[in-house]
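Colleague: sequence plus the predicted model coming up.
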Amino acid sequence: MNGSVSGGAPVGAVSGVVTVDGAPRDGVLVRLPISGETFAGVTASASSAGTPTPIYSTDNGATWTATAPTTLSTVTNVALLVSGSGAFLPSGSTFSLSFAATVPAGTPAGTVITSTATSVGDGNGNGTGTDSGEVVTASPVSNTVNPVYAALAGPFGYPGGNASGSYTFGGRAIDRLNDTQTASAAVTAGTTVSFKHTVRNTGNAPEDLTAVLSGAPSGWTCSLQNVSSSDTLSSYSNPVTLAAGASIDVAVVCTVPLTSGAVNNTDLTLTVTPQGGAPDTTTDRVAQVVPAGQVLLGNSDGNAATPPSTANVTVGANPGQNASFPLELLNNGPLGESYTLSATVPGTVFYADTNCDGAPDGAAITGTASVASRANICLVAVVPVAAGAPAGSSPVSFTATSTTEVTRSSTIADTLQANAVLSGSFSPNGAQSTVAGGSVTYTHTLKSTGNASVTANLPAYTSAAGLTYLYSVDGVTFTPTLSVNIPAGGSTPVYVKVSVPAGFSGAVTEAATLTATFSSTLAPTPTLSLTTTDTTTVQSVSSSVVKSALLCTDANCTSSSSLANNAQVGPGDVVRYTVVATNNGTGTLFGSYLIDTVPANTDLVSVGGSVGGGTGAVLYSVDNGASWSATVPTSLPLGSLRVGFNSDGNGTIDSNDALAPNASFTLILTVRVK
């Protein structure tokens, strides 16, 4: 503020022109109101005559003081008192007062600040300043406030960054400290973490603000959203226009990918830039990310409230049938997921099991509906066992794979068993007879027609008639019991030897039903019993053998005469011996034959045999029974002859050849005396 005295006449002091610090003062007073500004202090004062004194008022001029107040911003008027006596300011005198004032922050751009100075002096020497022309008002001085562009972005409720305390947003507690916000708890992969911010236009004019988020890790999905006072989110787009001093709340919303591993201290930076102004930043921190829980596929315990079992289980079925595996699936992830289902055995079909009873419900499925986080569902996998499959076990695995992220899967390893199917035969039935002190041997075939090797056990047989039963697989070594392994589709001979005690008396027929039990650990019904029946007759009377001799007239014995025992014969005589074997008993005789030898001092002429009752024929052996033939021999290399009764026509004499009661057969031996 500058002033001067003009017009040629001096200006004198006004008596009591102002009261300063309670005392009236004389002089010339130049007064200036502080309007639209904030007073900051006098910087200089001067006057070409008199004594210049700056004075201050905090109550719009009601009172004045020569001492600047401690709080300068309370000054409402400032003045220059030029003290002197009489007409002490001649024409051309000057005076000045310099002071600092600031435009208050936030003063709208375009605001006009006008300042008008008023002076009071004595122009006619009467000591008053009320005469015409003694109060002079200067021309107003105006200034227009320029626009200032500035903005602040900070934690929710604290755009200036001086934040503290916590708030809850998106179901999470968010801690604030200065210009940083931090999610209080760890964030699970696959979930969303959100922060609220307050953005304020700290300039003095409307401005466009652009908000940009940076720092999100690869794979994170982050966006800016408008957020209402009720935490409702809506679409956000740049730029946002705000009036001077206005604020808005925006949200940073980030989804952490399901596949994220453990991460510590991830900082997201929100930068807000006003048009033509400097950017301001604020930080959101995710202190910890923990991996999402995986799906767990396991075996069911029938209770959806308990987790699945990962222990291997074995389920069996017969070849050509299906094995059912009850399964459970637990979604340990943070959000609902659906899963595709697969198995290592082709042809496996999956079903829902809505009541967890292990039985399929509804149509076949290839995948699940969405399974809520931490929820557990039951399933059934139906696995085919190939027709004709050999008995045994093989691995089978079932896998559930998330349709949201294929790397999220779970597999349970189990065992598929093709059950052993026990089947076979024990044949044929047998029937023979013998005498006291004798024995018979039956030959059977024990066959397994199933798909597994089996163990065949034949227990000891207790005879009600007092006979003894022994078993053998080679016909040589016999034991009271028998245990033998038979491969799938294989067979073994089983010999049964029945012996009659030497002192046995009377006649008896015993039908013994013998049992062979097949067993296999792979069979759901682990045993199968097969039987055969051997009927053994013990005869009360055995056979008789009668030998007689004839003296023949020639080698063909065209005519003959009986030759008594110990009768004399001479050289050249032809003697024919006849041996007749007869079944005099009540039962059938088996494997019967006669033996005779060429007497000393004779030469063989011929041999022969015949059947004297019963159905059959005679066979001859010249090698002590090693072989038999229906052809009549012409020589006896060993000097002996066997003639047997053959009833079954098989070309040999064995225990199957039956000589009926009262039937007989004959051996004929013709020799010439040397």
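Modeller: Yes, it's here.

Colleague: quick check: residue 194 vs residue 538, distance?
Modeller: Computed as Cβ to Cβ, to the nearest Å, the residue 194 to residue 538 distance reads 102 Å. Yep, even glycine has a C-beta here, placed from its N, CA and C like the rest.

Colleague: which pLDDT value belongs to the residue nearest to residue 407 when sequence neighbours are not counted?
Modeller: Counting by Cβ to Cβ, 6 or more residues apart in numbering, residue 407 lies nearest to residue 259, which is 6.1 Å off, once chain neighbours are set aside. Here, the pLDDT recorded for residue 259 equals 91.

Colleague: what is the one residue sitting closest to the centre of the chain paired to in the beta sheet?
Modeller: Among the residues of the chain, residue 410 comes closest to the average C-alpha position under Cα atoms, centre = their mean, at 2.6 Å. On the basis of DSSP bridges, residue 410 is bridged to residue 400.

Colleague: mind checking the SS state of residue 73?
Modeller: Using DSSP: H, G, I helix; E, B strand; the rest coil, the structure places residue 73 in helix.

Colleague: show the contacting residues for it.
Modeller: Residue 73 sits next to 38-40 when contact means Cβ atoms under 8 Å, 6 or more residues apart in numbering.

Colleague: by neighbours, which of those wins?
Modeller: For the contacts of residue 73, neighbours were counted using other Cβ atoms under 10 Å, and residue 39 has the most, 22 neighbours in all.

Colleague: report the separation between that one and residue 20.
Modeller: 17 Å.

Colleague: next: residue 107.
Modeller: Distance from residue 107 to residue 20, by Cβ to Cβ: 32 Å.

Colleague: more neighbours: which of these two?
Modeller: Ranked by neighbour count (other Cβ under 10 Å), residue 107 and residue 20 place residue 20 first, with 22 against 18.

Colleague: that one contacts residue 63, doesn't it?
Modeller: No: using Cβ atoms under 8 Å, residue 20 is not in contact with residue 63, being 9.0 Å away.

Colleague: could you identify the helix or strand that succeeds the lowest-mean-pLDDT helix or strand in the chain?
Modeller: Least confident helix or strand of the chain, by mean pLDDT, DSSP states H and E, is strand 589-590 with a mean of 80. With elements assigned by DSSP states H and E, the helix or strand that comes after strand 589-590 is strand 593-597.

Colleague: please identify the buried residues of that following strand?
Modeller: Across strand 593-597, burial judged by 16 or more other Cβ atoms under 10 Å covers 593-594, 596.

Colleague: what is the neighbour count of the closest residue to residue 92 other than its chain neighbours?
Modeller: Excluding the flanking residues, the one nearest residue 92 by Cβ to Cβ, 6+ apart is residue 5, at 6.3 Å. Residue crowding around residue 5 was assessed by other Cβ under 10 Å; the count is 22.

Colleague: report the contact partners of residue 5.
Modeller: With Cβ under 8 Å, 6+ apart, residue 5 has these contacts: 11, 89-94.

Colleague: cool, residue 414 as well?
Modeller: 299, 312-315, 325, 395-398.

Colleague: narrow the residues you listed to those in helices?
Modeller: With helices defined by DSSP state H, no entry of the contacts of residue 414 lies inside them.

Colleague: closest to residue 240 among those residues?
Modeller: Closest approach between the contacts of residue 414 and residue 240, by Cβ to Cβ: residue 398, at 53.6 Å.

Colleague: gap between that closest one and residue 307?
Modeller: Taking Cβ to Cβ, one finds residue 398 at 16 Å from residue 307.

Colleague: which one of these two is surrounded by more residues?
Modeller: residue 398 (25 against 14).

Colleague: related to what we said a few turns ago, neighbour count winner among residue 194 and residue 538?
Modeller: Between residue 194 and residue 538, counted using other Cβ under 10 Å, the more crowded position is residue 538 (26 against 22).

Colleague: check contacts around the more buried one.
Modeller: Here residue 538 is in contact with 433-436, 465, 467, 500, 504, 506-510, 587 (Cβ under 8 Å, 6+ apart).

Colleague: going through those residues, which ones are buried?
Modeller: Buried members of the contacts of residue 538, scored by 16+ other Cβ under 10 Å, are 433-436, 467, 500, 504, 507-508, 510, 587.

Colleague: show me these that map onto strands.
Modeller: Counting by DSSP state E, the part of those found in strands is 433-434, 508, 510.

Colleague: helix, strand or coil for residue 249?
Modeller: From three-state DSSP, the assignment for residue 249 is strand.

Colleague: what ranges do the helices span in the protein?
Modeller: Under DSSP H, the chain gives no helices.

Colleague: Serialize the buried residues of strand 593-597 to a markdown table and add fields for pLDDT and distance to residue 373.
Modeller: As requested, those are exported to a markdown table (pLDDT from 0 to 100; distance: Cβ to Cβ, whole Å):
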| residue | pLDDT | distance to residue 373 |
| --- | --- | --- |
| 593 | 93 | 92 |
| 594 | 93 | 97 |
| 596 | 94 | 102 |
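
Colleague: ok now do residue 194, which residues does it touch?
Modeller: 169-170, 172, 251-254.

Colleague: return the residues in contact with the closest residue to residue 257 other than its chain neighbours.
Modeller: Among residues not flanking residue 257 along the chain, residue 219 sits closest, at 4.3 Å (Cβ to Cβ, 6+ apart). The contact partners of residue 219, by Cβ under 8 Å, 6+ apart, come to 257, 259-260.

Colleague: who wins on neighbours among these?
Modeller: Within these, most neighbours by other Cβ under 10 Å means residue 260, with 20 neighbours.

Colleague: so it makes contact with residue 187?
Modeller: No: between residue 260 and residue 187 there is no contact under Cβ under 8 Å: 9.1 Å.

Colleague: what about residue 309, distance to residue 377?
Modeller: Distance of residue 309 to residue 377, given as Cβ to Cβ: 15 Å.

Colleague: so what's the residue count around the residue lying closest to residue 304 once chain neighbours are set aside?
Modeller: Setting aside the residues directly before and after it, residue 304 is nearest to residue 376 in space (Cβ to Cβ, 6+ apart), at 4.7 Å. Residues lying near residue 376 (other Cβ under 10 Å) number 20.

Colleague: with residue 306 instead?
Modeller: Neighbour tally, residue 306, other Cβ under 10 Å: 12.

Colleague: cool, and residue 544?
Modeller: 12.

Colleague: try residue 600
Modeller: Using other Cβ under 10 Å, residue 600 is surrounded by 7 other residues.

Colleague: one more: residue 392?
Modeller: 13.

Colleague: how much space separates it from residue 419?
Modeller: On the measure of Cβ to Cβ, residue 392 and residue 419 end up 10 Å apart.

Colleague: likewise residue 587?
Modeller: 47 Å.

Colleague: now residue 331
Modeller: Taken as Cβ to Cβ, the span from residue 331 to residue 419 is 35 Å.

Colleague: looking only at neighbour counts, state which of these two leads.
Modeller: Of the pair residue 331 and residue 419, residue 331 is the one with more neighbours under other Cβ under 10 Å, namely 27 against 23.

Colleague: OK, contacts around the more buried one?
Modeller: Neighbours of residue 331 in contact, by Cβ under 8 Å, 6+ apart: 295, 337, 371-376.
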